[in-house]
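Engineer: starting from these lines, generate the structure:
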Amino acid sequence: MNTLRELQYAGLVEIQKQGCGKPNRIFPKSYEAVPNTDFKKSGSGTPED
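Structural biologist: The predicted model follows:
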């Protein structure tokens with residue numbers, strides 16, 4: 001699962017499609033507006049030591 005999709009599912013960003021070959025618009029949401037703050041780490045990314 002890609003990182004942008006994870007942010008969208010967590011409610012941290014909103015993606016608006018424009019169509020006609022134009023790029024999607026990405027709007028960040030404020031952290032306080034997110035009702036679920038119990039985030040889980042994904043398996044992707046850099047490993048921590």
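Engineer: low-confidence ranges, the protein, go.
Structural biologist: Low-confidence segments of the chain (pLDDT under 70): 1, 31-49.
Engineer: now do the helices in it.
Structural biologist: 3-10 (DSSP state H).
Engineer: contacts only, for residue 22.
Structural biologist: Listed by CB atoms under 8 Å, 6 or more residues apart in numbering, the contact set of residue 22 is empty. The way it works is simple: take the backbone N, C-alpha and C, and place the C-beta from them, glycine included.
Engineer: so what's the backbone phi/psi at it?
Structural biologist: phi -90, psi 150 (degrees, to the nearest 10).
Engineer: how much space between it and residue 16?
Structural biologist: Using CB to CB, to the nearest Å, one obtains 11 Å as the distance from residue 22 to residue 16.
Engineer: residue 6 now?
Structural biologist: On the measure of CB to CB, residue 6 and residue 16 end up 18 Å apart.
Engineer: which one of these two has more residues nearby?
Structural biologist: Each of residue 6 and residue 16 has its neighbours counted (other CB atoms under 10 Å); residue 6 has more, 15 against 8.
Engineer: how close does the more buried one sit to residue 20?
Structural biologist: Residue 6 is 27 Å from residue 20, by CB to CB.
Engineer: before we move on, what about residue 9?
Structural biologist: Taken as CB to CB, the span from residue 9 to residue 20 is 26 Å.
Engineer: the more surrounded of the two?
Structural biologist: Remark: of residue 9 and residue 20, residue 9 carries more neighbours, 10 against 4, as counted by other CB under 10 Å.
Engineer: for that one, which residues are in contact?
Structural biologist: Going by CB under 8 Å, 6+ apart, residue 9 touches no other residue.
Engineer: now do residue 16
Structural biologist: 24, 25, 26, 27.
Engineer: that one bridge partners, please.
Structural biologist: The partner list for residue 16 in beta bridges (DSSP bridges) reads residue 25.
Engineer: number of residues surrounding residue 30?
Structural biologist: 7.
Engineer: swap that for residue 21, sorry
Structural biologist: Neighbours of residue 21 (other CB under 10 Å): 5.
Engineer: for it, give me phi and psi.
Structural biologist: phi 80, psi 10.
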